[in-house]
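Chemist: requesting a structural model of the entry that follows:
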Amino acid sequence: MADAPISSSPLQHEPSLSHAECAAQELAGFMSQSPGTSDAGDDFGGRDDAPSPGDVEEEFPSGVLETTPSRGSDTNGIVVACRLLRQQQLTPYQRTEADQFIKVYSFSCCMMIFLQLCSVKNKLDEIVKTAPPFTVSGPLFENMKSLVVAVLLSAKLGAYKGSLPRDHVFTLIKKDGVHLPAGFEKNAYTLKVINSAIQDELTQAHSRIKKMIKESVVASETIFELTTAVITNTHSSVTVPLCARLALLCKLYTEVSDATYWDKVDARLKLIRTMAGDDTMKITRTFEKILEGDQAKYGD
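Modeler: Numbers count the residues shown, from 1 in each chain. Predicted coordinates for the structure are as follows:
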């Protein structure tokens, strides 16, 4: 009996077709067939994170999957919204608001966001209005004290009283920008409180330094001993210019020790600058001579 012709199987292909063309034909045949009996929920070729409509509905059951002509279908966006909803733990009222928000026109979305921001701003303004008046906090006060000492111990300070040292301290505080309220430069009351606190601390520092100079003169201490005592608990160090400046303060204390002491110090500094014509070399030589005189009187 003659052998029956062997029918070609679907997987066989013409020799003239390439491997890629054969694969394409095979896949096209698979796709043209009617769906099988596999579970409808299986997703062999989909993404691992692509949920089924039922899963999304369970996550966001308020009806956000309903599409409207205004927005079209955006399943991926809805999935992201559902995840954010779970993370933020919104209230039922906010969930309803989110349901309504996703269905409206783009322009309406922008307007809704704008109006909500306006409402938040109004509430923040009310909080600011009811906030207690500004006061200098402990950390800001400690920072202020440190900067006051640093300014008064500067060998380049042109005056110890008036607005000059206060302005220097304020500039340093502003530069650091720590422990300061937002927008303090535009608030006249806050600026007044800060400047007043700086001035009070300058007055206290003047008193402490003058007292230490008095004790040093009475005890006939050397300028090095005085300088070391003055810079205790500060970030300053003993330098020749600082020793020369303190030597001038000691010299003037022996001449006048009453309430006009710091005024006399400022007047002497101004006289030195005027006579030197603001020549740095002449000013430096003047302070060197003052330091040499102090060392000759009290020792090195």
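
Chemist: OK, contacts around I283?
Modeler: Applying CB atoms under 8 Å, 6 or more residues apart in numbering, we find I283 in contact with 272-273, 276. Using the backbone N, CA and C atoms, a C-beta is placed for each residue, glycine as well.

Chemist: wait, which of the residues you listed is closest to K156?
Modeler: Using CB to CB, R273 comes nearest to K156 of those, at 11.3 Å.

Chemist: nearest spatial neighbour of the closest one, skipping sequence neighbours?
Modeler: I283 (6.7 Å; CB to CB, 6 or more residues apart in numbering).

Chemist: now do the buried residues in the helix or strand harbouring the one you found.
Modeler: Counting by DSSP states H and E, the element that carries I283 is helix 280-298. Using 16 or more other CB atoms under 10 Å as the test for burial, helix 280-298 gives 283, 286-287, 290-291, 294, 298.

Chemist: repeat for stretch 232-239
Modeler: For stretch 232-239, a neighbour-count test (16+ other CB under 10 Å) marks S236 as buried.

Chemist: what's it in contact with?
Modeler: Stretch 232-239 has contacts (CB under 8 Å, 6+ apart) with 146, 149-150, 153, 155, 224, 227-228, 231, 242.

Chemist: start and end of it, how far apart?
Modeler: 14 Å (CA to CA, to the nearest Å).

Chemist: the worst-scoring helix or strand of the chain on mean pLDDT: what's the following helix or strand?
Modeler: Least confident helix or strand of the chain, by mean pLDDT, DSSP states H and E, is helix 53-59 with a mean of 48. Counting by DSSP H and E, the next helix or strand C-terminal to helix 53-59 is helix 75-88.

Chemist: dump the next helix or strand after that next one to CSV, restricted to CA.
Modeler: Sequence-wise, the next helix or strand downstream of helix 75-88 (DSSP H and E) is helix 92-101. Only the C-alpha atoms of helix 92-101 are listed here, as CSV (Å, rounded to 0.1, in the frame of the first residue of the first chain):
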residue,chain,number,x,y,z
PRO,A,92,-12.9,59.4,53.5
TYR,A,93,-13.8,62.9,52.5
GLN,A,94,-10.4,63.4,50.8
ARG,A,95,-10.9,60.1,48.9
THR,A,96,-14.2,61.4,47.6
GLU,A,97,-12.5,64.6,46.6
ALA,A,98,-9.8,62.6,44.7
ASP,A,99,-12.6,60.7,43.0
GLN,A,100,-14.1,63.9,41.7
PHE,A,101,-10.8,65.5,40.8
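
Chemist: quick check: angle from helix 92-101 to helix 75-88?
Modeler: 170 degrees (axes from the mean of the first three to the mean of the last three CA atoms, to 10 degrees).

Chemist: which elements pack onto the helix or strand just after helix 92-101?
Modeler: Reading on from helix 92-101 to the C-terminus, the next helix or strand found by DSSP H and E is helix 106-130. Applying 3 or more CB pairs under 8 Å, 6 or more residues apart in numbering; DSSP states H and E, one finds that helix 106-130 contacts no other helix or strand.

Chemist: helix 106-130: how far from the chain's middle?
Modeler: 24 Å (CA atoms, centre = their mean, to the nearest Å).

Chemist: and the angle for it with helix 92-101?
Modeler: Using the same axes, to 10 degrees: helix 106-130 against helix 92-101 is 150 degrees.

Chemist: so for the next helix or strand after helix 106-130, mean pLDDT?
Modeler: With elements assigned by DSSP H and E, the helix or strand that comes after helix 106-130 is helix 138-152. Confidence for helix 138-152, expressed as mean pLDDT, is 93.

Chemist: repeat for stretch 162-180
Modeler: With pLDDT averaged residue by residue, stretch 162-180 scores 93.

Chemist: give the buried residues for it.
Modeler: Neighbour counts over stretch 162-180 (16+ other CB under 10 Å) mark 165-166, 168-170, 172-173, 180 as buried.

Chemist: with only the CA atoms kept, save it in PDB.
Modeler: Written as PDB, here are the backbone C-alpha positions of stretch 162-180 (Å, rounded to 0.1, in the frame of the first residue of the first chain):
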ATOM      1  CA  GLY A 162      27.700 103.700  69.000                       C
ATOM      2  CA  SER A 163      26.200 101.900  66.100                       C
ATOM      3  CA  LEU A 164      29.500 100.700  64.600                       C
ATOM      4  CA  PRO A 165      30.100  97.600  66.800                       C
ATOM      5  CA  ARG A 166      26.400  96.800  66.800                       C
ATOM      6  CA  ASP A 167      26.200  96.900  63.000                       C
ATOM      7  CA  HIS A 168      29.200  94.600  62.800                       C
ATOM      8  CA  VAL A 169      27.600  92.100  65.100                       C
ATOM      9  CA  PHE A 170      24.300  92.300  63.200                       C
ATOM     10  CA  THR A 171      26.100  91.700  59.900                       C
ATOM     11  CA  LEU A 172      27.800  88.600  61.300                       C
ATOM     12  CA  ILE A 173      24.500  87.300  62.600                       C
ATOM     13  CA  LYS A 174      22.800  87.900  59.300                       C
ATOM     14  CA  LYS A 175      25.600  86.200  57.500                       C
ATOM     15  CA  ASP A 176      25.400  83.100  59.700                       C
ATOM     16  CA  GLY A 177      21.600  83.000  59.200                       C
ATOM     17  CA  VAL A 178      21.100  80.500  62.000                       C
ATOM     18  CA  HIS A 179      18.300  80.700  64.600                       C
ATOM     19  CA  LEU A 180      16.700  83.600  62.800                       C
END
